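[1] need a structure here:
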Amino acid sequence: MYEAIRTKSVHSMAARTGDFPHRSRREELRIRLAGHLTALLTVTDELRALTPDPALDRAAQLLADQVTRMRDGHRPLRAAPT
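    Modelled structure (predicted):
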């Protein structure tokens, strides 16, 4: 049996309020890409811990630099080398 929804949708309420800042599609995609690159950096750091290799060190540094650039100078958090 169907029962009608009695409360207003959270999404429609949020769409009506204009008191919070909106990000552009470009900013949203940039944030998402920075998150993906951070995940890749985490895996790269784990690989470096298992198999030290200068190529992995360079790749990790390049990834860290890109994430820093995309986050407006905020460096990604990384595990301390063991």
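
[2] how near is the residue positioned nearest the centre of the chain to T51?
    For the chain, G35 is the residue whose C-alpha lies nearest the centre (CA atoms, centre = their mean; 2.1 Å). Distance from G35 to T51, counting by CB to CB, to the nearest Å: 25 Å. Placement of C-beta: from N, CA and C, glycine included.

[3] nearest residue to R78 other than its sequence neighbours?
    D45 (5.9 Å; CB to CB, 6 or more residues apart in numbering).

[4] ok, now which ones touch the residue nearest to the centre of the chain?
    By CB atoms under 8 Å, 6 or more residues apart in numbering, no residues touch G35.

[5] please renumber so the chain begins at 33
    OK, 33 is where the count begins now, so the last one is G67.

[6] check which helix or strand covers it.
    Under the criterion of DSSP states H and E, G67 resides in helix 57-82.

[7] re the thing from before, how close does the residue nearest to R110 sit to L61?
    For D77, the distance to L61 - CB to CB - is 24 Å.

[8] who's more crowded, the two?
    Legend: neighbour count by other CB atoms under 10 Å for D77 and L61, higher for D77 (18 against 11).
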